[in-house]
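Engineer: I would like the atomic coordinates for the input below:
(2 chains)
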Amino acid sequence: DVKVTQSSRYLVKRTGEKVFLECVQDMDHENMFWYRQDPGLGLRLIYFSYDVKMKEKGDIPEGYSVSREKKERFSLILESASTNQTSMYLCASSPVWDGSLDTQYFGPGTRLTVL
Amino acid sequence: DAKTTQPNSMESNEEEPVHLPCNHSTISGTDYIHWYRQLPSQGPEYVIHGLTSNVNNRMASLAIAEDRKSSTLILHRATLRDAAVYYCILRDVLTGGGADGLTFGKGTHLIIQP
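Structural biologist: This next block holds a predicted model:
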């Protein structure tokens, strides 16, 4: 069974703290993604990576950075957490595109609260 | 990705079939139709996808209209564990290429009554 795991299900941090969210996949997928999900706004892409050490900005990268040093691991970093970054964070991975199927496999999510 | 329209919510009884509709009148010839669902407090999970022909897998069936402007996800025998938000999305494989984000709309909130 395919598996994407995230380091925490729930996290509470204070404004200004540096926050690390970790994501690991065991499917040898090339592509990895970080989204945030907020009520009424749906899923929004923060960053994605299509290879080790490669990253691309998504729709809302401001206030975030990412790191991909190994193929299986993709980290999301909040340099200085703010209350408007309180959200559900979802990590996903997908295999290299074969011309048809580009299914993304999601982790369980991390609910981050910034006080 | 082209736009899809789904009902906000639907209700069904346990052990009965459920038909979840999706309209996508502006679909292009290279758009695949994908369905994902999100159970409470979990990440989304892939359900099924198709291009033109109807598709079946262990989770569900996907019926695609002949003109491809609509599709229906069919759960043959709903259980309480199928209560989730179901998202219908289109993926243009010519422009998407796999390494870009999914765009989920509001989806259909499926309620299953025991």
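Engineer: for residue B:89, grab the count of nearby residues.
Structural biologist: Here the number of neighbours of residue B:89 (other Cβ atoms under 10 Å in any protein chain shown) works out to 23. All C-beta spots, glycine's among them, are computed from the backbone N, C-alpha and C.
Engineer: show me what contacts the residue lying closest to it once chain neighbours are set aside?
Structural biologist: Excluding its sequence neighbours, the residue lying closest to residue B:89 (Cβ to Cβ, 6 or more residues apart in numbering or on different chains) is residue B:34, at 5.1 Å. By Cβ atoms under 8 Å, 6 or more residues apart in numbering or on different chains, the contact set of residue B:34 is A:103, B:46, B:48, B:49, B:88, B:89, B:90, B:91.
Engineer: is it possible to export the residues you listed to JSON lines including pLDDT?
Structural biologist: Shown next, in JSON lines, are the contacts of residue B:34 (pLDDT from 0 to 100):
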{"residue": "A:103", "pLDDT": "84"}
{"residue": "B:46", "pLDDT": "92"}
{"residue": "B:48", "pLDDT": "94"}
{"residue": "B:49", "pLDDT": "92"}
{"residue": "B:88", "pLDDT": "95"}
{"residue": "B:89", "pLDDT": "91"}
{"residue": "B:90", "pLDDT": "90"}
{"residue": "B:91", "pLDDT": "84"}
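Engineer: of these, buried ones?
Structural biologist: A:103, B:46, B:48, B:49, B:88, B:89, B:90, B:91 (16 or more other Cβ atoms under 10 Å in any protein chain shown).
Engineer: return the distance of the residue positioned nearest the centre of chain A relative to chain B.
Structural biologist: Closest to where the C-alpha atoms of chain A average out (Cα atoms, centre = their mean) is residue A:34, at 2.5 Å. Per Cβ to the nearest Cβ, to the nearest Å, residue A:34 is found 9 Å from chain B.
Engineer: quick one: strands adjacent to whichever strand or helix holds that residue?
Structural biologist: Secondary structure from DSSP states H and E places residue A:34 in strand A:31-38. Using DSSP bridges, the strands paired with strand A:31-38 are strand A:42-49 (antiparallel), strand A:87-94 (antiparallel).
Engineer: need the contact list for the nearest residue to residue B:101 once chain neighbours are set aside.
Structural biologist: Take residue B:101 and drop its neighbours on the chain: the residue closest to it by Cβ to Cβ, 6+ apart is residue A:45, 3.1 Å away. Residues in contact with residue A:45, defined by Cβ under 8 Å, 6+ apart, are A:33, A:34, A:35, A:58, A:59, A:60, B:100, B:101, B:102.
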